Structure formats: C-alpha cells, structure tokens
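Chemist: Sequence below, structure please.
(4 chains)
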Protein chains: 2
Amino acid sequence: MFDEIFKNTGNTKSFSKGAILQSAGQKLAKAFYVKKGLLKSYIVDEKGKEHIFMFASEGWIVSDIESQAFNNETVLFIEAIENSEVVLVDVSDFSQSEKNQKEFKLILEALTKRMGVMQRRILSLMSASARERYEYFLQTYPELPNRVPQKMIASYLGITPEALSTIRNKITKRH
Amino acid sequence: MFDEIFKNTGNTKSFSKGAILQSAGQKLAKAFYVKKGLLKSYIVDEKGKEHIFMFASEGWIVSDIESQAFNNETVLFIEAIENSEVVLVDVSDFSQSEKNQKEFKLILEALTKRMGVMQRRILSLMSASARERYEYFLQTYPELPNRVPQKMIASYLGITPEALSTIRNKITKRH
DNA sequence: CTTATTTCTTAATCTAGATTAATGTTTAAA
DNA sequence: TTTAAACATTAATCTAGATTAAGAAATAAG
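Modeler: Residues are numbered from 1 along each chain as shown, chains lettered A, B, ... in the order given. Below you'll find the predicted structure:
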C-alpha cells in the first residue's frame, strides 16, 4: 500500500530480533514502515501479560494510533520478531506535506482497509469463539504461522497458549 | 469532525426510531452522517444475537467499513435508535473529489481518531474485564446511558444484559 | 555435541460471564 | 386507564477459556 511512498526512503534502520523500537509511556508515538522482517505491537497489562495488537510484515505500517490520535503517552510496545529493516515515518508528513490527489487517494484507501480489518477484529472478538477466530486468522494470514510462535498467535487472538494448543488438537483430530 | 462538510448538505433524510437504514447482505455499503438523533450499527450472529459495533450520535459518521474497504456485501445493520436526521454520504466523494489540503487534513485527523478509538476497543476486549470495559464506557460516553437502553450497552460491551445488570449492582453496592 | 532456555502439550481445577428461568418494572399501545 | 410488550433484575446452573502444574519437544547457546 505505502510501498511506493516509503520503499526508497533513505532513513532505513536495522533492528535485530528482540529489539524494542518503542516502549509504552513515551511522549511521542512513532510510526514504522517495515521494508523487511516482522514486527509486533502489544500492550502489557497490570499482571504483566502481553496482548498483541498487530503483526507488521513487509509493506505494513505500525504505530500506536490511539496515542497518535489523542496525543497521549504511548500504550503500545513495538518489537522486532525477526531481524528487520524499518523506515521511521514522520506522521505529520502525512497531513502536512503537499500531497497530490493520487497520493491522497492511496492513503485514504490504505486507512480504510486498515479500519475494515479492525472492524472485523472487534466484531469477531465480540461474537466468535476462540476456535472461529483462530480459523479466520489462518485463512487471512496463512504465512504468519510459519514465522510466529504459537504463543504470539494466542496473544493476538486474545486467548492463552494452552487454550490455543487445545483448539489445534481438536481441529486435527477432526471434531 | 465532519460537521463543516456535511452540516449544510441538502440531501437530508429523516428516519423514525426503529427504521433500518441499511441491512446485512447489501451490495453497496452506504455511509451516514448524523445531523440529529442516534443510530447504531450491529451484526446479527448465527444464533440471532445482536452485537453492536458502534453508536453514532450528532456529528458522527457510520458505515460498514469492512464492506466498503473490500467491496464485500454488507455485514452490518444500521438502525435509528431515535428519530434522526441523516445525510447520505457518497464515500467515493471522499477520495475522488477535489479536496484541498485543509479538508484533507481534517479527514485524516478524523480517520486517525476513529482508528484510535478502535485500537482501544480491541485492546480492552482482549485484556480488560467486562466491569472495566463498562466503567471505561461510562467515562468516555457519559451521555449515552441516558439515551440508550442497558441491553444495547451490554451488546456494545460484548456481554449479556444479565451480566451488565450484575456488574451495575456490584458497583452501586460499593464492592 | 551437550546443556539450558524457551516453546508446546496435556490434564486437573477454577472462574467470569453465558444461559435459563422466573419476577419485577417501565414504556407503549389500545 | 388497563393491557401488552419491551426492558431490567436476581438467582441457579452451566461452559469456554483461564490458571496452575508438570512433562515433552524444539531452539539456542556454550
């Protein structure tokens, strides 16, 4: 989506697996365009449990949108799951620079798609079982299970690794 | 947010309480700007249970973003909770018409805020208890409880009316 | 390689919230 | 107004998924 805009930007940084690009509690939320590799964004709750908001592989942008929209301190951590190459995106660029109609349309389309995905996620968290959410996840992101440990998938789905393991067991045993 | 853009548009329609402005299964998703009154958007699951995606009061826009973004049939119903005056928004207008920088910025800002709200909703559905979600709802939308029956609030929170009733009982009894 | 660490599985137990059901209350209709 | 319909409460029971715990498998590190 944003490929054309960010692919050839100079300010690319490399982060190795496990590196934390952004922590909760920071004043300024940053946005990251992933050229290569894989990131995750997540919150850590009072009990120290991690809840993954999203994965971002090649071509995606991650940021703490809530913090950005309302100028709050960040709530999300952003971390490299694989060694990654990332472009730091200045968000104000988006709205302040002179964008032409074409770019404007592209950005709107990308944002609309992102919102569509979020709508679906909200509705399925409210109405679907853990198993249904997992099966939808597999359909929608078939590459991710090869790149991401199960416990992170569980965290994305809003369940425990134990529960996911049980679900997988039931699915393979065909009932 | 979109007040300036839509407030004085001519094509305002009136819908009385209970009217359905859009059903699931339609080819073309519409967007509605609320000038007056209150709408809700929701899905109906296989068991016939209703799950509210959002409320839209004065100044808000509702639409089935998922269907819009991916050109799928609509999944959301949109219904008037109160007698309402609504402007039918042509979504392609947004991206196709000649918008100036200022309007562009306004639209981006509004979309970012909407996404921020959605991010928060996803994270709290994954990590917060029903009671915490209810208390956050009261803080964030203090006017709504006066305009909306409890069962709809429960539906928005992703719980049953019975569970919400129990939570309210516990809160007032100060433990 | 060998050992340590992280991840995954399995099973027993527990709990938040669902379901069911009955009663009370408010709203709307006749 | 009376009567019906929609909404809210309370309580008993049930269940999906959490928690706890322990062992097995896979990865990483020395």
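
Chemist: Please see if the one helix or strand A:Glu109 maps to touches chain B.
Modeler: Using DSSP states H and E, A:Glu109 maps to helix A:101-127. Yes. Using CB under 8 Å from any CB of the partner chain, helix A:101-127 reaches chain B at A:101, A:104-105, A:107-109, A:111-123, A:125-127. Glycine gets a C-beta too; all of them are placed from N, C-alpha and C.

Chemist: go on, stretch A:163-175?
Modeler: No. Stretch A:163-175 lies out of reach of chain B by CB under 8 Å from any CB, never closer than 13.1 Å.

Chemist: cool, and stretch A:23-38?
Modeler: No. Contact of stretch A:23-38 with chain B (CB under 8 Å from any CB) is absent, the minimum separation being 10.1 Å.

Chemist: For the closest residue to A:Asn83 other than its chain neighbours, grab the count of nearby residues.
Modeler: The shortest distance from A:Asn83 to any non-neighbouring residue, by CB to CB, 6 or more residues apart in numbering or on different chains, is to A:Ser16 (4.9 Å). The number of residues packed near A:Ser16 is 10, by other CB atoms under 10 Å in any protein chain shown.

Chemist: Okay, and the beta partners of the spatially most central residue of chain A?
Modeler: In chain A, the centroid-proximal residue (CA atoms, centre = their mean) is A:Met54; its distance is 2.6 Å. Per DSSP bridges, the residues bridged to A:Met54 are A:Ser41.

Chemist: So it sits against A:Val62, correct?
Modeler: Yes. Assessed by CB atoms under 8 Å, A:Met54 is found in contact with A:Val62 at 6.5 Å.

Chemist: The residue lying closest to A:Ala128 once chain neighbours are set aside and DNA strand D, how far apart?
Modeler: Using CB to CB, 6+ apart and skipping the chain neighbours, the partner closest in space to A:Ala128 is A:Tyr136 (7.3 Å). Going from A:Tyr136 to DNA strand D by CB to the nearest atom of the strand, to the nearest Å gives 13 Å.

Chemist: Show the backbone phi and psi for A:Tyr136.
Modeler: Main-chain torsions, A:Tyr136, degrees, to the nearest 10: phi -70, psi -40.

Chemist: just to revisit the earlier point, which residues are in contact with each of A:Met54 and A:Val62?
Modeler: Taking CB atoms under 8 Å, 6 or more residues apart in numbering or on different chains as the contact rule, A:Met54 and A:Val62 both touch A:Ser41.

Chemist: Selecting buried members of the residues of helix A:101-127 next to chain B in PyMOL, what would you type?
Modeler: Those of those that count as buried under 16 or more other CB atoms under 10 Å in any protein chain shown are selected in PyMOL with:
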select buried, chain A and resi 104+107+108+111+112+113+114+115+116+117+118+119+120+121+122+123+125+126+127
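
Chemist: Wait, a strand at A:Ser165?
Modeler: No. Going by DSSP: H, G, I helix; E, B strand; the rest coil, the assignment for A:Ser165 is helix, not a strand.

Chemist: Now for it: which residues touch it?
Modeler: Listed by CB under 8 Å, 6+ apart, the contact set of A:Ser165 reads A:Gln150.

Chemist: for A:Met126, same thing?
Modeler: Neighbouring residues of A:Met126 by CB under 8 Å, 6+ apart: B:His51, B:Leu125, B:Gly158.

Chemist: Restricting to these, which residues neighbour DNA strand C?
Modeler: Contacts with DNA strand C are made by B:Gly158 out of the contacts of A:Met126, judged by CB under 7 Å from any atom of the strand.
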